[in-house]
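> Any chance you can model this:
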Amino acid sequence: MSLGPAAIAAAFLAACRAELDVVKPGNVHRFAPGHGMEAATFEAAAAAAAPFIAERGAGVGARILGATRASWAAVGVNANLGIVLLAAPLAAAAETASGRGTEPLRTALAQALAGLTPTDAEGAYAAIALASPGGLGETAEHDVRQPPSIGLVAAMRLAGDRDLVARQYADGFAEIFDIGLPALAAADAAPATPGLGPALAAYLAFAGRFPDSHVARKFGAARAAALRRRMAEFAADFGQVTEPADALSAALAFDAELKREKLNPGTSADLTVASLFARFLAEA
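Below you'll find the predicted structure:
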């Protein structure tokens, strides 16, 4: 594989756009804005972040910090911190993977995570403090507003029980490779329909299986667990709909319902982008 910056940036932008192209109930997409943002916000943030995610030879922490600063400067809100945290190690891995495909990428990713340095932790901490998403760094011992005293993987492991993005660093991106990528592949056979597609399948796989970390931070664990059950029920019913027009209507109706309740499974969307990015890198 050993991809260069142009290919990595292209894969990153393609992943961000593909995620916006489907109706993800509760989350922002091209078919409906939400939570004070619209698709153009995320497109602008992705375009600003891409050169830093793809910077040749850059450390993971430098990619995270550069991309977060650029995104914040472009849109003035935390539009993609979770995406950036997930994309940076994948991009670093794509530079060194020994061949094309999922397994070489996964092997290179494990090596990239194992090779993280204190400098990487400093960059990631600074990015998280800038974006201020809550979650990681809220313990008294390891606040992201202070210089890191432990490695980035160790810090993420501490947050892994409450944040699915952090958990990826601790378990080698297992949810991306074992849930997201299979969900994308399983949906490939469906006819192409605007608003539907593999990215939606991955999103529902995550949102129906895990209480969303973003929702838990805003509304608490019980509300996140209740939403997970609703997402799982929707996904089961949605899978029985055979007409694309009916499926799109159902997704849009559930989307509007969740947005009225101000529920946004944003972490599920971040994991979806990471799954798409991993796929595009593996296929490049």
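> so where is the stretch 151-284 of the chain shaky, pLDDT-wise?
For the stretch 151-284 of the chain, applying pLDDT under 70 flags no range at all.
> Helices of that one, residue ranges please.
Taking DSSP state H, counting those that start in this stretch, the helices of the stretch 151-284 of the chain run over residues 152-159, 164-170, 174-175, 181-186, 198-209, 213-219, 221-238, 244-260, 266-283.
> repeat for the stretch 1-150 of the chain
5-20, 39-53, 60-75, 81-96, 102-114, 118-131.
> of all the ones you listed, which gets the most neighbours per residue?
helix 81-96 (a mean of 27; mean count of other CB atoms under 10 Å). All C-beta spots, glycine's among them, are computed from the backbone N, C-alpha and C.
> That one vs helix 39-53, what angle?
Between helix 81-96 and helix 39-53, the angle comes out at 40 degrees (axes from the mean of the first three to the mean of the last three CA atoms, to 10 degrees).
> for helix 81-96, packing partners?
Here helix 81-96 touches helix 5-20, helix 39-53, helix 60-75, helix 102-114, helix 118-131, helix 164-170, helix 266-283, going by 3 or more CB pairs under 8 Å, 6 or more residues apart in numbering; DSSP states H and E.
> Dump the C-alpha coordinates for the first one into CSV.
What follows is helix 5-20 as a C-alpha-only set of coordinates in CSV (Å, rounded to 0.1, in the frame of the first residue of the first chain):
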residue,chain,number,x,y,z
PRO,A,5,-0.6,12.3,0.8
ALA,A,6,-2.8,12.8,-2.2
ALA,A,7,-4.3,9.3,-2.0
ILE,A,8,-4.8,9.5,1.8
ALA,A,9,-6.4,13.0,1.5
ALA,A,10,-8.7,11.8,-1.2
ALA,A,11,-9.8,8.7,0.8
PHE,A,12,-10.4,11.0,3.8
LEU,A,13,-12.6,13.4,1.9
ALA,A,14,-14.4,10.6,0.2
ALA,A,15,-15.2,9.0,3.5
CYS,A,16,-16.5,12.3,5.0
ARG,A,17,-18.7,12.9,1.9
ALA,A,18,-20.1,9.4,1.8
GLU,A,19,-21.2,9.7,5.4
LEU,A,20,-23.0,13.0,4.6
